[in-house]
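1. Predicted model, plus sequence, below.
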Amino acid sequence: MKKSGHEHFKTKLGFIAAAAGSAIGLANIWRFPYLAAQNGGAVFIFTYIIFLFLLGIPILITEISIGRHGQTSVDGALYKITHKKTWKQIGKIQILTGFLISSFYSVVAGWILGYLVESFLGNISHQASFQSAEAQFQTFLATPTWTLSYHLIFIVLCAYVLLGGVKKGIEWVSKSLIPLLFLLFVFLTIMGLANLDDPKQLDFLFTPDWSKLTPRALLLALGQAFFTLSLGQGTMITYGGYLKKKENVVGSCVYIAGFDLLAAILSILTIFSIAGVNEALTHSGPGLIFSVLPVAFSRIVGGNLFAILFFVLVAIAALTSQISAMEPLICYLQEQKKWTRKASTWFCALGAFIIGIPSALSFSLFKHVTLFNQTFFDLLSFVTLNFMVPLGGFVACILAGYVWGPKNVLKELEMHMHLSPISQKLYAIYFKAIWKFIAPVLIIFILLDAFNIF
């Protein structure tokens, strides 16, 4: 199979849109609003922003710098820096992490696609109670043909985008859909606020409740700051490899994190203005959008239109995140195995679909098949998200702090920043502290929290 040449994003905006699209995922929409409301509102958001600068953004900068320096697949980039095969294998593990995540993420995204279709058919916005909405959701999940069909359709949609390559696929779709996503956020927020009975329900966003700043809240904010940016799974290293050498990495990363933060805050306004704070706080995760919101849509004028627009929004977030999780494997097959983009894409898509089948059936035919008292879906998501992803972030810190070395990383970062001597020293102090000490310790806390150590 003939290998196509290494691609690059055509524009800096295209790179930022693609990386922001990767970061803005389902957790922004169904997890962040719940966490913020339960843990002090404004104080949780403020704490989250602090952890973004102590952990999320520095690792994002590190991974993109690794990718831009390597200009190849994840494993190739790590090998180019270290010249050691062990690091090449570590890179392959990160590629595997993203691929495994894509296999069950597409199952959940398939639910969203299914609800979008059901919204067009008028079957979502008529639920009168949470019990009936939850029963409808469970009925869908218990229907193997429903879950598998939408799992397959979503994978094929992603493959169609990825077949276009970096410029005509990932970049074009991201530059088109991310602005639409934010327009939908703003529109739904405005319409939701117009239907909100008591605007004071949203006061928690602007009034910090310091009594809720507990150690548990700190850990939740820390975890959100890390997991929200698609770190530790090869995605950002791969996207960094498509970034031209002339681009400013630090500035781009601040924009990416900024757009992700904006999406999280707009999610709070959208969810709580439509559903109401008290109702929304009864659920976190899938239950929030599949059980709570359908009831909320039934109570407002034009509820069916609201439902359609909302699930379009969530589908966009799912699509841009899914293609970024699949791309590292596609890049690897092209760069290291000399496969064509077409062959690499369909291999990845077929693999994600097949491995995703047990996850899709974990709510129906395989719901009683467990390992360590967990279904296949729960076990795979736990291992990848709570173990493999944090380890991937930890590896980036070790590489920057002790293997590649802060001096070399900073040299890569400063290529097009034109910093003054004082600014260079401040940058060096900040990043050395982060890479060598602060970030590794914080990631260890995340790992320990996953196993309920605290």
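-> Cool, the structure landed. Residues are numbered from 1 along each chain as shown.
2. For burial, what's the neighbour tally of residue 134?
-> Neighbour count of residue 134, defined by other Cβ atoms under 10 Å: 18. C-beta coordinates here come from the backbone N, C-alpha and C atoms, glycine included.
3. and it, that one's in a strand?
-> No. According to DSSP: H, G, I helix; E, B strand; the rest coil, residue 134 belongs to no strand; its state is helix.
4. so what's it up against?
-> 287, 290-291 (Cβ atoms under 8 Å, 6 or more residues apart in numbering).
5. just residue 375 next, same as before
-> By Cβ under 8 Å, 6+ apart, residue 375 lies in contact with 362-363, 366-367, 369.
6. give the contact list for residue 412.
-> Applying Cβ under 8 Å, 6+ apart, we find residue 412 in contact with 65, 68-69, 249.
7. How about residue 342?
-> Shown in contact with residue 342 (Cβ under 8 Å, 6+ apart): residue 163.
8. out of the contacts of residue 412, who's nearest residue 344?
-> Of all the contacts of residue 412, residue 344 sits closest to residue 68, with 21.4 Å by Cβ to Cβ.
9. Please report how far that closest one lies from residue 267.
-> Here the criterion is Cβ to Cβ, to the nearest Å. By it, residue 68 lies 30 Å from residue 267.
10. do the same with residue 65
-> For residue 65, the distance to residue 267 (Cβ to Cβ) stands at 29 Å.
11. These two: who's more crowded?
-> The neighbour comparison of residue 65 against residue 267 (other Cβ under 10 Å) goes to residue 65, with 29 against 25.
12. Excluding covalently adjacent residues, which one is nearest to the more buried one?
-> Spatially, and ignoring its direct neighbours in sequence, residue 65 is nearest to residue 412 (4.9 Å; Cβ to Cβ, 6 or more residues apart in numbering).
13. Low-confidence ranges, this protein, go.
-> Judged by pLDDT under 70, the chain has its weakly predicted residues at 1-5, 277-284, 415-416, 454.
14. any chance of the contacts of residue 134 in TSV, plus distance to residue 59 and secondary structure?
-> Shown next, in TSV, are those (distance: Cβ to Cβ, whole Å; DSSP: H, G, I helix; E, B strand; the rest coil):
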residue	distance to residue 59	secondary structure
287	30	helix
290	32	helix
291	34	helix
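15. out of those, which one sits closest to residue 121?
-> Checking the contacts of residue 134 against residue 121 with Cβ to Cβ, the nearest one is residue 290 at 15.8 Å.
16. My read is that that closest one contacts residue 137, right?
-> Yes. Between residue 290 and residue 137 there is a contact under Cβ atoms under 8 Å: 4.4 Å.
17. Between those two, which has more neighbouring residues?
-> Using other Cβ under 10 Å, the more surrounded residue of residue 290 and residue 137 is residue 290, with 23 against 20.
18. got the contact list for the more buried one?
-> 111, 115, 133-134, 137.
19. Can you tell me which of these is nearest residue 443?
-> Using Cβ to Cβ, those come closest to residue 443 at residue 111, 30.4 Å.
20. so that closest one is in which element?
-> Secondary structure from DSSP states H and E places residue 111 in helix 85-120.
21. all helices for the stretch 301-450 of the chain, in order.
-> Assigned by DSSP state H, counting those that start in this stretch, the helices in the stretch 301-450 of the chain fall at 303-335, 341-360, 376-383, 389-398, 406-413, 421-433, 439-450.
22. Switch the ones you listed over to CSV; also include distance to residue 220.
-> Converted to CSV, the helices of the stretch 301-450 of the chain look like this (distance: least, Cβ to Cβ, whole Å):
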stretch, distance to residue 220
helix 303-335, 21
helix 341-360, 25
helix 376-383, 17
helix 389-398, 15
helix 406-413, 29
helix 421-433, 24
helix 439-450, 9
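23. just so I know, which of those helices lies nearest residue 129?
-> Comparing the helices of the stretch 301-450 of the chain under Cβ to Cβ, the one sitting nearest is helix 303-335, at 14.6 Å.
24. Which of the residues in the closest one are classified as buried?
-> 303-304, 306-335 (16 or more other Cβ atoms under 10 Å).
25. circling back: report the two of the contacts of residue 375 separated the most.
-> Checking the contacts of residue 375 with Cβ to Cβ, the most distant pair is 363 and 369, at 11.4 Å.
26. Who has more neighbours out of those two?
-> A side-by-side neighbour count of residue 363 and residue 369, using other Cβ under 10 Å, places residue 363 first with 20 against 11.
27. roughly how far apart are that one and residue 138?
-> Between residue 363 and residue 138 the computed distance is 8 Å (Cβ to Cβ).
28. show me what contacts residue 97?
-> Neighbouring residues of residue 97 by Cβ under 8 Å, 6+ apart: 232-234, 384, 388-389, 392.
29. Could you say which of those is surrounded by the most neighbours?
-> Counting by other Cβ under 10 Å, top hit in the contacts of residue 97: residue 234 with 33 neighbours.
30. Does it touch residue 95 like I think?
-> Yes. Contact criterion Cβ under 8 Å: residue 234 and residue 95 qualify, at 4.8 Å.
31. where do the contact lists of these two overlap?
-> Contact criterion Cβ under 8 Å, 6+ apart; residues bridging residue 234 and residue 95 by contacting each: 74, 328.
32. Any idea how many residues pack against the closest residue to residue 271 other than its chain neighbours?
-> Take residue 271 and drop its neighbours on the chain: the residue closest to it by Cβ to Cβ, 6+ apart is residue 33, 4.5 Å away. As a burial measure, residue 33 scores 26 neighbours (other Cβ under 10 Å).
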